[in-house]
Each structure stands twice: as C-alpha cells, then as structure tokens.
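A.B. asks: Return a 3D structure for these sequence lines:
(chains A, B and C)
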Amino acid sequence: MTVDDVRPLELRHRLTGEGLRLRTGPIVTNIRSSLAAVQRGIALHYASHEVEPSAGFADFHISVERPRTLRRWFQPQVVFRFDDAEPFAPLPGDQGFPMLEWGLNWCVSSHCHQYLTIHAAVVERAGFALILPAPSGSGKSTLCAGLTFSGWRLLSDELTLIEPESGLVVPLPRPISLKNASIDVIRAFAPSAAFGPVVTETTKGSVAHVRPPAEGVRRGLEKATPRWIVLPRYAAGAPSALTVLPKARAFMQLAENAFNYNVHGRQGFDLLARVIDGCECFEFSYSRLDEAVEIFRQLCDAAVHGLRGGTGAARLPVAFA
Amino acid sequence: MAHEAWSAAGQAGVALREWGDEWVAYAGATGHTHLLSAAAGQVLSEMGRSEQPLTPTALLRVLEGSPSFNANKSVDDATAQESMLRAMLLELARIGLATMRSP
Amino acid sequence: MPADPRNLVAIALRQPAAVLQFSSTDWDRLVRQARHAGLLARLGETLDEAAMLDRVPSAPRAHFQAATAVAGAQHLHVRREVALIGQALRPLDVTPILLKGAAYVHAGLPAARGRVFSDIDILVPKARLPEVEAALMANGWATTHHSPYDQKYYREWMHELPPMRHIVRDTVLDVHHTILPTTARLKPDAARLFAAATELPGDGVRVLAPADMVLHSMTHLFHNDELSQALRDLSDLDLLLRHFGRDPSFWSDLAQRAQALDLSRPLYYGLRHAQQVLQTPVPPETLATVARHGPGWPLNRWMDGLWHRALRPAHRTAADAFTAPSLFLLYLRAHWLRMPPLLLVRHLAIKSWRRNFHAGEAH
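C.D. replies: As a prediction, this is how the structure comes out:
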C-alpha cells in the first residue's frame, strides 16, 4: 500500500496519532506531525512510497511539531524530534516540510553506519551509478534533478549509501531539495515535475522540493554498481567540459565528503579503493543543463557499448564549445 | 643519517593504494588518510615490502628511477638528495606513516 | 524481584536467548530503549558473543552493526588519546590512573565491550595537580567552563579540574584527584587508591586495582545526579563483577576494601541492584556481610522503588508515573551526599537559576 492509497482523512489521522510508517529504500521511519504543511508535503512527495503496518519495527521514530512553549502563540516555530530528543534548534514559521526532510537526512547520516555514507547525489542508469559528490552550491542538486527527469533513476539527492559487503550503492529515494535559482531552472526543464510550495525564510534562501518519479520509488530496493564519480561545478556561461580527475584525488574527495569515514577506519579505506577501482572519475563544469544531460547520456552509452564488446575503449564525450 | 633505518609504521599498520603516479595511504596510528606524491608512495611501499627497516641509502636507490623525485633536484648532488629524502621521511613520521629505528 | 517487562534491555543483556521470542514490536522497543540507554553497541556485541546476532531480523540487526562500528572506531581513538596523555605527563614522572570506560578499553576488560563514551577520565595525585594542568595545557589541552562559579564548583566542590578540551583533536579530558568530593559525608582516602593501582605495560598509565575499580563504578553510579546512563553504568558493573568474581578471593577483598575506604553503603546498593536487574552472580556470604551496611526498613524499600525506576532505559516506553519523581529524589539525594546543607541549598539555587536563564554549560 502506498501513501496515495491511503484516504486523506486516514493519512491525517495517522500522522496526528501513532504515526505514519513510511519506507524509503531500506529505511522505515515512523513519522508524526500535526502540522498541515507537513501532512500536505507527505501526501504530495511521498505519494508512491510504501506505507508499512503501524505495529512492527521502524528504524526511526520522529516527529515535526510546534515547540511546547509560550512562544507558539506569537511566533510560530517548528521543531524536529528524534524519539523525545531535539537534535536541532527550532526553525521559524512554516518550514515544517523542509524540517522533516533535513531531519530524515540527519537520521540516516547520524545513525546508518552499516553503510559508508557520502555527501553526494547519486543516480542510476543501466545498472550503473553516477555519484556526484559536492558541497552545497556546486550545482549538484540541479544536475541531479535534471538527470532524474531525463531517464536516470534517482537513488538520492544528498546521501550516497555504499554497502560494505558488496560495494554497491543502496537507494534512498526521497524528494529532491532545490534552492533559489535551481527551482526555476528545473521547473522550466521538467514542466511535468510535481513541486511543493517554495519556502522562503530559510538560512539557505528559498527552498522547494520536487517529487521523484514513481518508477524510481518503486524500484527502491534495487542496488547499483558505482561506475562514474563526477565533481560538478556550475559556472555561469561555462562550456560543458568533462576532464579526467586523477583517481587518487577522486579517492580523497570521496573520503572528505563521507559523513562516517572515521567510523569505518581501515575497512572504509579499502571500500573506497574498491569503488574507485571500478569507476571513471571526472570533474565537470557546466552552465547549460540540457548539454550536461546529453554528455552524461553519451557517457552511459559508451559504458554500455563497451560492455557489449564494442571496438576500442570508451571515449570521452565531445565537449560542447 | 647514516645510522638510521626506517620502516612503515608497524604496530597499527599502513594501507597503501596507487593510481597513476599518486598514492593514498591510511595511517592506522592516527586513523587519518593522506594523498602522497609518487616518491613518498614508492618509499612507503618499499618499506612495507621489506621485512627489515631500510637505510636512507637503500631508499635512495628506490627513488633513483622516480621522475618526480628527480625533477625536484636543482643540483645533481647526493647531499641534496639525502636532505630531500630526510625531509620526506620526517614528514611521513609526523603523520604516523613511518617510524625511525636506530640500530 | 520479578523480571521487568519495561526493561527489555536488561532482559536481553542477562539472557540473550530471550530475544528469540521477541516480536517485531519488541525489537522496535528494544532498539529505541537500548539507544537511549547508551547500550546499543554492547547489546549487539553481547548477542554476537552468544551467537544470536545472525538470528536477529535484518532491520534491527543493522542498528546493532552500526552501533558496534561506532564503538570500535571510538576504542581505537581512545587508545591513541590515552597514549598521548601518557606522553604528555611522562616528563613529570606522573603516571595517571585511567578511570571508567577508558580503563576498561585499555586493560582489555569485558566491560569494554560496546562501551561508548565522550570523555576520558584520569586520576592524579592532588599535590601534582598544578603541574599536571600546566603540562596538559602545554600539550594542547585547554580548560572549559570559564565562569568563576563553574571553576570553583569543579575545583573546590567536585575535586576535579574543569573538563579540558584539546584544541586540535577536540577530545575531552577530565582530571580528578579523588573519586568523591571531600565535602561529602563519606571520605575515601585517595592515597590508598594510588598505592593499589596496577601499571599497564607500555603507555605510562595505570588502572585501579580490581576491588577499587568495582567500588569506583558503584560509587559513581549510586552518587550520580545525572542518571540517564544509569543502566549502562550498572551493566559496566555487572561485567566487572562477573570478570573479577571468577577469582574466589575477590569477594572478601571487595568487602574489606569497601570497609577500609568507607564505601560500604555504595557496595550494598551495587551488589543488590546488579543482582536484581542483571542477575550478576554474587556469593550469598558476600550479600549477607554487606547487608549490614544497607539502610534499614522502611528506607531500603523506598530506595528500591527509586532505583528500580532509575535503572530502566531512559526512554518513554520504560517509564511509569513514578519515574520522574524518583529521578528527582535521587537527584536531590546525590547533591545532599556531596555537600553540607548550606552549600547544597546555594548550589541548587544557582543551578536552577542558571538553567532557566542560560543555555549551555550544565554540570
């Protein structure tokens, strides 16, 4: 049963009561919230996500509510709770849905150490994973969204989970978070994409979330083999260019962008080395999303062609002038 | 310097990987990971392969063929080479990848 | 005392095979309770040692694996840190005694199993304290809690330096010179602790003798005003007792040492509750000897009720209507034990004032 299959009244009843059990890839979260914005956000963005039975095991129990102080009457705030703890300070106003999304990211990055977790977007095509590590503001979310709406399956826009035993990427399909100018870029690029409301008071500027395609959500338990590691850099007016990144440097980028590299120690080093062994590594600068998407399509085709025993080694796609 | 001998930091272990002419190394002693030049990587790799600690002379032989080490030379001079090697070994020791043993 | 269905963590720790009967709802509750009790890693390792971990359903099992990975990484980290502390103090010819978790890890004791912690605690002689502080500062540790009240609270009343944080590694070090504040009604003599401590090869640090280690664990738990880790502390105690208790002479040593250090009351509580909650095997003769030092009736029944609640996981699924008042009474008791009445009133008043008007530094 998906969120879409639950009647709106029942959805509200669960969220206000014992909680809604939502599955995102391997993770089941029990979510409680009496806030209308959060309830609407869940109904929109998690429409295709599986709802698990209320009894049974949930990985995390969280809630997004108004804080229990007198302030609630003058200056509304929202607070995220992990069981009964409040790991963050409250946020102002109507940032309930962004708070939920940041809180869900925190749950995974702070606790799911059964994986090596890298701060990177990751999408899949033909069974291959394209990993986009990057700090905020590098354009990774825009690129991730562009690829997601161009036939790539979204695995995550923020947290790349690598399973140590297999070296595979584990999906965590959730709404893509976009900021400021990216919002309009993706609205124009993918007119059929379902956006939530733009929330304007955040510390990062304007934030909006876009619902991931249903097919990717349905395939949320299919892992992917890491194949490309690409450091994106958006630069206005820049021609699209993929340049080879030496693997040792790509390794350091992954290690530096990993939330829990220290937890994995020597095993983490060996795992990253194994991932790097199997990947082509690039830096990528771009300004036009449509060109970028085309370059990655060619990259994937070359890899698939190479697999099928085509002539010669896979060549780098032609850079656009 | 002649009486020193060096080995890869033994007790906690060192893990090394190489791609192209760059290396990454995990220092068990500190838990930190480092990006190393070709020369440093080769030196560390040689120390790891050898069961005995290696003298600077033996290590210099390893570096003879290394383009990056030789490219840094301003003078084709054994003393200059030794100083560079020493600086490298001290740095490797500082970050927990190598230890010096006096016989 | 009957098994406590609210305390699934205790049930799983003392009898790992019991988890085979757990429903998925029980697993959900157990993971939440264990996480809040700081026992998720320990529970994972206990299940692993009992060859039960493979039989845990995969969803909860992932949480145990994650917690165990964190604990393992912390242990490596702690070993490095302890070596650096030993190095910093070696020029002074001071060999600090490691306390609590750091000691268990460094000595390779079963109580190290799955132990996670935020600070390292060491014990040094009072007379050397100024030099120790100076040496630590010279090696990169800086004091915290800068207000004059806080400094005084730590140095004069808690008999430790305010926590020191390393400026590069960001690790925290607590430096003690006795294991109880000397304004307290019980006055254990620190010199005896130093005399009995054993040196660990190589690192320039020592650990307390077995009986002292156990007594310190007990006094720490049963005098603590902050009980969110109470079950974890009891579990440490249980593992120490099971390990040292294999030597038959340990038990009489323990009782005698408690008398000598004036710690017989905490010993009473420690043995009683470890046995009741975690089924620690304690020889009946020892229990009989120690029972003399317990509180009389009806106080011992009331204390049982308070501790019964405090020794559950600090999670809503483990609480009942009496949990909050019990914790509050134990909080008052802990402060009463530490300080003469006048100081206590003033200290509690200041603490309450500061909590209401300042965010942050709590002690």
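A.B. asks: how about stretch A:106-122, does it reach chain C?
C.D. replies: Yes. Counting by Cβ under 8 Å from any Cβ of the partner chain, chain C is contacted by stretch A:106-122 at A:111-114. The C-beta positions use only the backbone N, C-alpha and C, and glycine is treated the same way.
A.B. asks: In strands only, show me the residues you listed.
C.D. replies: Using DSSP state E to define strands, no part of these is located there.
A.B. asks: what ranges do the helices span in chain B?
C.D. replies: Ranges of helices in chain B, per DSSP state H, are B:38-49, B:56-63, B:67-71, B:78-94.
A.B. asks: so of the ones you listed, which one's packed in deepest?
C.D. replies: Each of those was scored by mean neighbour count; the highest is helix B:38-49, a mean of 21, by mean count of other Cβ atoms under 10 Å in any protein chain shown.
A.B. asks: what sits up against that one?
C.D. replies: Contact with helix B:38-49 is made by B:6-8, B:14, B:16, B:18, B:21-23, B:25, B:36, B:53-54, B:59, B:62-63, B:66-69, B:85, B:88-89, B:91-92, B:97-98, as judged by Cβ atoms under 8 Å, 6 or more residues apart in numbering or on different chains.
A.B. asks: For that helix, the averaged confidence score.
C.D. replies: Average pLDDT, helix B:38-49: 88.
A.B. asks: Least confident secondary structure element in chain C?
C.D. replies: helix C:341-357 (a mean of 64; mean pLDDT, DSSP states H and E).
A.B. asks: about what we covered before: tell me, which of the helices of chain B is the model least confident about?
C.D. replies: helix B:67-71 (a mean of 64).
A.B. asks: what would the helices of chain B look like in JSON lines with distance to residue C:190?
C.D. replies: Formatted as JSON lines, the helices of chain B follow (distance: least, Cβ to Cβ, whole Å):
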{"stretch": "helix B:38-49", "distance to residue C:190": "46"}
{"stretch": "helix B:56-63", "distance to residue C:190": "50"}
{"stretch": "helix B:67-71", "distance to residue C:190": "57"}
{"stretch": "helix B:78-94", "distance to residue C:190": "38"}
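A.B. asks: of these, which approaches residue A:157 most closely?
C.D. replies: helix B:38-49 (35.5 Å; Cβ to Cβ).
A.B. asks: what about dumping the CA coordinates of that closest one to PDB?
C.D. replies: Coordinates of the C-alpha atoms in helix B:38-49 are reproduced here as PDB (Å, rounded to 0.1, in the frame of the first residue of the first chain):
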ATOM      1  CA  ALA B  38      54.800   9.300  -6.300                       C
ATOM      2  CA  ALA B  39      58.100   9.500  -4.500                       C
ATOM      3  CA  ALA B  40      56.600   9.300  -1.000                       C
ATOM      4  CA  GLY B  41      54.400   6.400  -2.100                       C
ATOM      5  CA  GLN B  42      57.200   4.500  -3.600                       C
ATOM      6  CA  VAL B  43      59.300   4.900  -0.400                       C
ATOM      7  CA  LEU B  44      56.500   3.800   1.800                       C
ATOM      8  CA  SER B  45      55.700   0.900  -0.500                       C
ATOM      9  CA  GLU B  46      59.300  -0.300  -0.400                       C
ATOM     10  CA  MET B  47      59.400   0.000   3.400                       C
ATOM     11  CA  GLY B  48      56.200  -2.000   3.600                       C
ATOM     12  CA  ARG B  49      57.600  -4.700   1.300                       C
END
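A.B. asks: The residue nearest to the spatial centre of chain B and residue B:59: what is the separation?
C.D. replies: What sits nearest the mean C-alpha location of chain B, by Cα atoms, centre = their mean, is residue B:43, with 3.5 Å. To residue B:59, residue B:43 is 6 Å away according to Cβ to Cβ, to the nearest Å.
A.B. asks: Check the contact lists of those two and give me the overlap.
C.D. replies: Contacts common to residue B:43 and residue B:59, judged by Cβ under 8 Å, 6+ apart, are B:85, B:89.
A.B. asks: Show me where chain C has its strands.
C.D. replies: For chain C, applying DSSP E gives strands covering C:97-99, C:119-123, C:141-143, C:164-166, C:172-176, C:198-200, C:205-207.
A.B. asks: least reliable of the ones you listed going by mean pLDDT?
C.D. replies: Among the strands of chain C, strand C:198-200 scores lowest, with a mean of 84.
A.B. asks: Tell me the residues of chain C that contact chain B?
C.D. replies: Proximity of chain C to chain B (Cβ under 8 Å from any Cβ) is limited to residues C:73, C:76-77, C:80.
A.B. asks: Could you identify which of these has the most neighbours?
C.D. replies: For those, the largest number of neighbours (other Cβ atoms under 10 Å in any protein chain shown) sits with residue C:73, at 20 neighbours.
A.B. asks: check contacts around it.
C.D. replies: Contacts for residue C:73 (Cβ under 8 Å, 6+ apart) come out as A:262-265, B:31.
A.B. asks: redo that, cut-off 7 Å
C.D. replies: A:262-263, A:265 (Cβ atoms under 7 Å, 6 or more residues apart in numbering or on different chains).
A.B. asks: any idea which of the residues you listed is closest to chain C?
C.D. replies: Lowest distance from chain C to these (Cβ to the nearest Cβ) belongs to residue A:263, with 4.7 Å.
A.B. asks: Report the buried residues of the helix or strand where that closest one lies.
C.D. replies: Assigned by DSSP states H and E, residue A:263 belongs to helix A:261-277. The neighbour-count check on helix A:261-277 (16 or more other Cβ atoms under 10 Å in any protein chain shown) flags A:261-266, A:268-276 as buried.
A.B. asks: next one: stretch B:93-103
C.D. replies: For stretch B:93-103, burial by neighbour count (16+ other Cβ under 10 Å) applies to B:96-99.
A.B. asks: just to revisit the earlier point, any chance of CSV for the strands of chain C, columns distance to residue A:125 and mean neighbour count?
C.D. replies: Below are these laid out as CSV (distance: least, Cβ to Cβ, whole Å; neighbours: other Cβ atoms under 10 Å in any protein chain shown):
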stretch, distance to residue A:125, mean neighbour count
strand C:97-99, 54, 25
strand C:119-123, 48, 23
strand C:141-143, 51, 17
strand C:164-166, 46, 18
strand C:172-176, 47, 20
strand C:198-200, 55, 14
strand C:205-207, 55, 22
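A.B. asks: Now do the helices in the stretch 151-300 of chain A.
C.D. replies: Secondary structure of the stretch 151-300 of chain A (DSSP state H, counting those that start in this stretch): helices located at A:181-189, A:214-218, A:247-257, A:261-277, A:289-307.
A.B. asks: Tell me the buried residues in the first one?
C.D. replies: Translated: helix A:181-189. For helix A:181-189, burial by neighbour count (16+ other Cβ under 10 Å) applies to A:182-183, A:185-186, A:189.
A.B. asks: From the contact counts, what lies against it?
C.D. replies: helix A:140-148, strand A:205-210 (3 or more Cβ pairs under 7 Å, 6 or more residues apart in numbering or on different chains; DSSP states H and E).
A.B. asks: just the residues of chain A that are near chain B, which are they?
C.D. replies: A:246-249, A:251-252, A:255, A:262, A:265-266, A:269-270, A:273 (Cβ under 7 Å from any Cβ of the partner chain).
A.B. asks: hmm, 8 Å instead?
C.D. replies: Contact residues (Cβ under 8 Å from any Cβ) of chain A with chain B: A:246-249, A:251-252, A:255, A:261-262, A:265-266, A:269-270, A:273, A:276.
A.B. asks: and those residues near chain C, which?
C.D. replies: Within the residues of chain A next to chain B, those near chain C by Cβ under 8 Å from any Cβ are A:262, A:265.
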